[in-house]
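Novice: Sharing a sequence plus its predicted fold:
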Number of protein chains: 2
Amino acid sequence: MTIRIGIMGYGNLGRGIETAIANNKDMKLVAVFTRRNPNSIQLLTPTIPVVSASTVLEWKDKIDVLVLAGGSATDLPFQTPTYAEHFNVIDTFDTHKNIPMHLTTVDKIAKENHHLAIISIGWDPGVFSLFRLLGNVFLPKGNDYTFWGKGVSQGHSDAIRRIPGVKDAKQYTCPIQKALESVRNGKSPVLTTREKHTRECFVVLKENADAAQIEKQIKNMPNYFDEYETTVHFISQEEFNKNHQGLAHGGFVFRTGTTGINKQHHQIMELQLTLDSNPEFTAHVAIAYARALMKLNKEGVTGCKTIFDIAPSYLSPVSKEELIKDLL
Amino acid sequence: MTIRIGIMGYGNLGRGIETAIANNKDMKLVAVFTRRNPNSIQLLTPTIPVVSASTVLEWKDKIDVLVLAGGSATDLPFQTPTYAEHFNVIDTFDTHKNIPMHLTTVDKIAKENHHLAIISIGWDPGVFSLFRLLGNVFLPKGNDYTFWGKGVSQGHSDAIRRIPGVKDAKQYTCPIQKALESVRNGKSPVLTTREKHTRECFVVLKENADAAQIEKQIKNMPNYFDEYETTVHFISQEEFNKNHQGLAHGGFVFRTGTTGINKQHHQIMELQLTLDSNPEFTAHVAIAYARALMKLNKEGVTGCKTIFDIAPSYLSPVSKEELIKDLL
């Protein structure tokens, strides 16, 4: 079985999906859809058609799963319900507080049209969420810790760029090693926001901008920076272009708990991701869930699901017998 | 819903199940079954009845899931199919090469009797297997590495105890730090058996035993020790009793892979378990799958399943809405 994939949107994630499909033999990229002028876009795999997003319905019978590679702020709240009417869809919706509403909306439309949608797929939400669930069920008496980074926070970088006088900016979220080691050593510490992460900012100024004033504005920005130890580095555009184009990220999820009739035994579960490319890893996770989606939809499953609803064997292209022999 | 659990066998794992049930509010221990004289057994929770294994069928209507806490060598190949005729069962069968045969046997009997069995649950096989599957699907171009320890290998300890002149013995499997760091740093090394683990043995001799001869016998034992760097320490029974009664274990699973159109990005997934009590953690995993078993059986699922077949949300006692809100 070959799974025919369409990609809606061609930013970092869209390009990641394109490369992920090339890494999975049972997948085929059918077309990339864009709101930009299709002629302005150069794919990594140039034999695949790039077409206008407005013509996507013409591709209904040629695509098994449409992967939505838009942003969570303005694209996906609209795109996922819209396209779930016509396609099986995967998205990476990550605005945490709006997931329940998003799920309800998508579920209704997908069910009415006999489609299946799997939302909020990636590494957080996604693989980290799955690990948090496993930690909570295997160690019901315990504590959760999630550390992110070192990696770029897109939202925080955007927030800095909106400050007048700022030409460009990148913000790195860094886990605090001391806190991380304390958790890893089973000390179950109570950690404030400030004790878990620092924020490191690299900023290119416009001409005649007031560096001291901008640094103050960044450090005092409510919600984004005021609760953190924040460092601001002013650098040249040249250095910015040379050293701050990477998309590396990663993080740690811990579940630490106690077992035993007197809670005398400490048990620690730790998941660590070290990613050279955040969007490419996210894309590979999304593509594995596209495979699960296809299998489940063939069994008659419709509506909207999350990573919690999918049995692991559905993610793999190999038979259950091989999985048991090679991986169990 | 309260899930009524029976435990078959009361060794380390049986005791672990007993303590795990106490940690899960939706579970109730109904009875412990033993082949020994029930009067000789003192439970950690003394209000629960201990009864003869031969009377287990009288408890058919009082037990939702029977957790089989016997050994994989001689108990489970017989017990799991036998009890799957009368009960929903969970086992921790870990003789890897015999899992397919065990699954086929149990599947047939369970299906014929409308029961559900979940086999080979624990941390390896179990949680480590699940992580290996996720690693393989998220990073299809990559390498798997599993390191065990530091922890006691029961099989290797038994093998030493069978040598004439040995009074008692414990064998610790230790991951080699250099190999582990090389994997963690993304070097994707090719590692021989000798390069991944060492074996450390603590041996109490009988009177007049020949230490040099026994050390030689251990180090040259085929399959068990001859492929490893092995260290043998001869110690007193007093030191053995004081320092080598622990059941700590743990280990590491890595999936390292490349993504990107030119495989230019390295991505590393790492799972680490650090367990003060191996049987208690195994028991907590088994109990979570007992919960999933109950829910699936109520939906009409029968036969024999593994960890790969179970969607994560079935493992949790909380609603899907709460899972999404708190953990996604």
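Specialist: Thanks, I have it. No experiment lies behind these values; they were computed from the predicted model shown.
Novice: Would you agree residue A:118 is in contact with residue A:291?
Specialist: No: contact criterion Cβ atoms under 8 Å: residue A:118 and residue A:291 do not qualify, at 10.6 Å. (Each C-beta comes from the backbone N, C-alpha and C, glycine too.)
Novice: Do a quick rundown of the strands in the stretch 101-250 of chain A.
Specialist: Secondary structure of the stretch 101-250 of chain A by DSSP state E, counting those that start in this stretch: the strands cover A:116-118, A:142-148, A:151-152, A:166-175, A:197-205, A:229-234, A:249-259.
Novice: right, so those strands: which one is the most enclosed?
Specialist: A comparison of the strands of the stretch 101-250 of chain A by mean neighbour count, using mean count of other Cβ atoms under 10 Å in any protein chain shown, puts strand A:116-118 on top with a mean of 27.
Novice: and that one, does that touch chain B?
Specialist: No: judged by Cβ under 8 Å from any Cβ of the partner chain, strand A:116-118 stays clear of chain B, getting no closer than 12.0 Å.
Novice: Tell me which strands that strand pairs with, and in which orientation.
Specialist: Paired with strand A:116-118 in the same sheet, following DSSP bridges, are strand A:88-90 (parallel), strand A:303-305 (parallel).
Novice: Make TSV out of those and add mean neighbour count and mean pLDDT.
Specialist: Formatted as TSV, the strands paired with strand A:116-118 follow (neighbours: other Cβ atoms under 10 Å in any protein chain shown; pLDDT from 0 to 100):
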stretch	mean neighbour count	mean pLDDT
strand A:88-90	27	98
strand A:303-305	23	98
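Novice: Ok, which of those comes nearest residue A:100?
Specialist: Proximity to residue A:100 (Cβ to Cβ) singles out strand A:303-305 among the strands paired with strand A:116-118, at 10.9 Å.
Novice: distance between that closest one and the chain's centre?
Specialist: Mean-position distance between strand A:303-305 and its chain equals 18 Å (Cα atoms, centre = their mean, to the nearest Å).
Novice: So what touches it?
Specialist: A:84, A:103, A:104, A:106, A:107, A:110, A:111, A:116, A:117, A:118, A:119, A:296 (Cβ atoms under 8 Å, 6 or more residues apart in numbering or on different chains).
Novice: May I see the strands paired with strand A:116-118 arranged in a markdown table, with distance to residue B:52 as well?
Specialist: Shown next, in a markdown table, are the strands paired with strand A:116-118 (distance: least, Cβ to Cβ, whole Å):
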| stretch | distance to residue B:52 |
| --- | --- |
| strand A:88-90 | 54 |
| strand A:303-305 | 46 |
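Novice: how about JSON lines for the strands of the stretch 101-250 of chain A, with mean pLDDT added?
Specialist: Below are the strands of the stretch 101-250 of chain A laid out as JSON lines (pLDDT from 0 to 100):
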{"stretch": "strand A:116-118", "mean pLDDT": "98"}
{"stretch": "strand A:142-148", "mean pLDDT": "97"}
{"stretch": "strand A:151-152", "mean pLDDT": "94"}
{"stretch": "strand A:166-175", "mean pLDDT": "96"}
{"stretch": "strand A:197-205", "mean pLDDT": "97"}
{"stretch": "strand A:229-234", "mean pLDDT": "97"}
{"stretch": "strand A:249-259", "mean pLDDT": "97"}
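Novice: Serialize the ones you listed to JSON lines and add fields for distance to residue B:189.
Specialist: Output for the strands of the stretch 101-250 of chain A, formatted as JSON lines (distance: least, Cβ to Cβ, whole Å):
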{"stretch": "strand A:116-118", "distance to residue B:189": "35"}
{"stretch": "strand A:142-148", "distance to residue B:189": "27"}
{"stretch": "strand A:151-152", "distance to residue B:189": "26"}
{"stretch": "strand A:166-175", "distance to residue B:189": "26"}
{"stretch": "strand A:197-205", "distance to residue B:189": "32"}
{"stretch": "strand A:229-234", "distance to residue B:189": "36"}
{"stretch": "strand A:249-259", "distance to residue B:189": "21"}
